[in-house]
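>>> how would this look folded up:
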Amino acid sequence: MVNWTGPAKLDLRDIHDYIARDSSFYAASFVIEVREASRSLNEFSERGRIVPELSTPSIRELFVKDYRLICLIIITGWEI
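Next up, the predicted model:
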């Protein structure tokens, strides 16, 4: 399950509001695209590349338009 932190939620809202100054349609579209990218992490947790400046395999980044979605992979267990 992907958990959005409080600061990440606020950042997404701020980005939405910034884009909405020009177009509410594109702002809403962007939020949908970000949410879909984050949902894909449920199946493909190692999607994206390792954040270059951190070089930690458990910290990945996905690009959505000109923005980076930085994610920390936390494995709580395995099921077979």
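>>> gap between the two ends of stretch 38-58?
15 Å (CA to CA, to the nearest Å).
>>> Only the buried residues of it, if you could.
38, 41, 48, 51 (16 or more other CB atoms under 10 Å). Using the backbone N, CA and C atoms, a C-beta is placed for each residue, glycine as well.
>>> What does the second one show for phi and psi?
Looking back up the chat, that one is residue 41. For residue 41, the backbone dihedrals (degrees, to the nearest 10) come out as phi -70, psi -20.
>>> and it, what does it touch?
2, 47, 62, 71 (CB atoms under 8 Å, 6 or more residues apart in numbering).
>>> Show me where the protein has its helices.
Assigned helices in the chain, in chain order: 6-20, 24-39 (criterion: DSSP state H).
>>> With mean pLDDT added, can I get the ones you listed in CSV?
Listed next are these as CSV, based on pLDDT from 0 to 100:
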stretch, mean pLDDT
helix 6-20, 97
helix 24-39, 96
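>>> Ranking by neighbours, what's the top pick from the contacts of residue 41?
residue 71 (21 neighbours; other CB atoms under 10 Å).
>>> I figured that residue hits residue 57, correct?
No: in this structure, residue 71 is not within contact of residue 57 by CB atoms under 8 Å, at 11.9 Å.
>>> Can you check the pLDDT for residue 1?
Note for residue 1: predicted pLDDT of 81.
>>> circling back to that earlier point, of all the buried residues of stretch 38-58, which two lie farthest apart?
38 and 51 (15.8 Å; CB to CB).
>>> That'll do, ta.
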